[in-house]
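K.L.:
Build me a model:
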Amino acid sequence: MSVERSSGSPRWQAAVGLTALMLVHHFGLWAWTAFHRGFPLIEAVNRWDSHLYTQIIFNGYADPALRAFLPLYPGVVWLLRAALGGGIPPAAIGCVLSSLCLLGFAAWVSWRGARQPVSSPLEPRTVWGWFFFLYSPGSFALHSHHTEGLFLLLSLGALACAWDGRVWQAALFAALCVWARNQGVLVAITAALLVARTPGAWSGRVGRFAAVGGVALASFAGLLLFHERVSGDWLAHMHAQKNWHHADSLWSAVRGLWFGNEWHRPGWWLGLRNLFAAVWLAGAVMLIRRNWPLGLYGVLSILIMLPQGDLGNAFRFGSVMFPVLFLVGDWFAERPVWLRWTVALLALWLNHKVAHSFSIGSWAY
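P.N.:
Below is the predicted model of the structure:
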């Protein structure tokens, strides 16, 4: 794997090849696990939040706890399932949809990298950048029955269009991100900041910022209206969070960093999430020096987890942080060979363990 920026064809081959390898690895692992443990493959990909998305697709938001999950992804799966006759398990449709979104993401990033003489932070400079993104611990969420694959593609659309100065396309993608995932609001803010940094007069920059921010704000207002119509509660998404452990004070949020809250059962498995978050934070700080809005997006995406009282969702939350993970991979590409490959093997091992944990119903986020 070379450190130098490669041409369009090798970059495309690296992106598609590593993406295909990861898909074969994970789906093969899940099929093998299901066979040897005696349960259907569809059960292996319908665990934890995947099962909750399936409930939403079947029953809507009748269960108040499910209102914590934003509606775009389950709505798209519901529409696809209805269009296909309604007989296909939602988890199967979700896996196909998410896998296609991931492949679309790889193709779009590769296309951007091939057409630009100088790479932006939205594309990796090396094959190692692709590797550390695709084999981040929770990358299984990018192609399984989760919202992450769709959100990944939409967030790329928002950030790439903003980077290129395409205001209304960036605004549309940002608006959709708001309906897809909690970090969608952060994507919208980042896209608005990026589009304001494109060349032009100060008044034009403010206008572009206002355009993207205004459309995203209108989208968020529409999300609140959706919750009010469905449940009678404008803030149903936030109120549903009470069904999980959460910090009840600033000190409780900080204390969660060392698993000091009463519900914690400290162990190495939780510690690995903190280690990954530390790498993520270091990458975000490095990214601030290259492009501060994208770096800020990385930092805020860590901070948004703290009200939960720990970083127990770090694997999943970090899986979509492609500008940060690309940069981390590119940084390792320039380290000594022994360090690079040691870290790569550890990353591969952890990714395998997390994907396996998901298929057997062990906490994997």
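K.L.:
what about this protein, any weak spots by pLDDT?
P.N.:
1-11, 117 (pLDDT under 70).
K.L.:
residue nearest the centroid of it?
P.N.:
Central residue of the chain (CA atoms, centre = their mean): Val320, 2.5 Å from the mean position.
K.L.:
where's it relative to Ser136, distance?
P.N.:
Separation of Val320 from Ser136 (CB to CB, to the nearest Å): 9 Å. Any C-beta I mention is one placed from the backbone N, CA and C, and that applies to glycine too.
K.L.:
Ok, Asn182 next?
P.N.:
As judged by CB to CB, Asn182 and Ser136 stand 18 Å apart.
K.L.:
now do Arg290
P.N.:
From Arg290 across to Ser136, the span is 20 Å (CB to CB).
K.L.:
Mind checking which of those two has more residues around it?
P.N.:
More neighbours surround Ser136 than the other of Arg290 and Ser136, with 29 against 12 (other CB atoms under 10 Å).
K.L.:
now the more buried one, what's its secondary structure?
P.N.:
Using DSSP: H, G, I helix; E, B strand; the rest coil, the structure places Ser136 in coil.
K.L.:
quick one, what contacts it?
P.N.:
Going by CB atoms under 8 Å, 6 or more residues apart in numbering, Ser136 touches Phe276, Phe315, Gly318, Ser319, Leu325, Ala347, Asn351.
K.L.:
What of Arg208?
P.N.:
Contact analysis of Arg208 by CB under 8 Å, 6+ apart lists Gly165, Val167, Ala192, Val195, Ala196, Thr198, Gly200.
K.L.:
Now render those as TSV, adding secondary structure.
P.N.:
Output for the contacts of Arg208, formatted as TSV (three-state DSSP):
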residue	secondary structure
Gly165	coil
Val167	helix
Ala192	helix
Val195	helix
Ala196	helix
Thr198	coil
Gly200	coil
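K.L.:
which residues sit against stretch 59-78?
P.N.:
By CB under 8 Å, 6+ apart, the surrounding residues in contact with stretch 59-78 are 49, 52-53, 55-57, 90, 93-94, 97, 145-147, 150-151, 176, 179-182, 184, 223, 226-227, 230-231, 233, 236-237, 239-241, 243-244.
K.L.:
Name the residues of it that are buried.
P.N.:
Buried residues in stretch 59-78, counted by 16 or more other CB atoms under 10 Å: 61, 66-74, 76-78.
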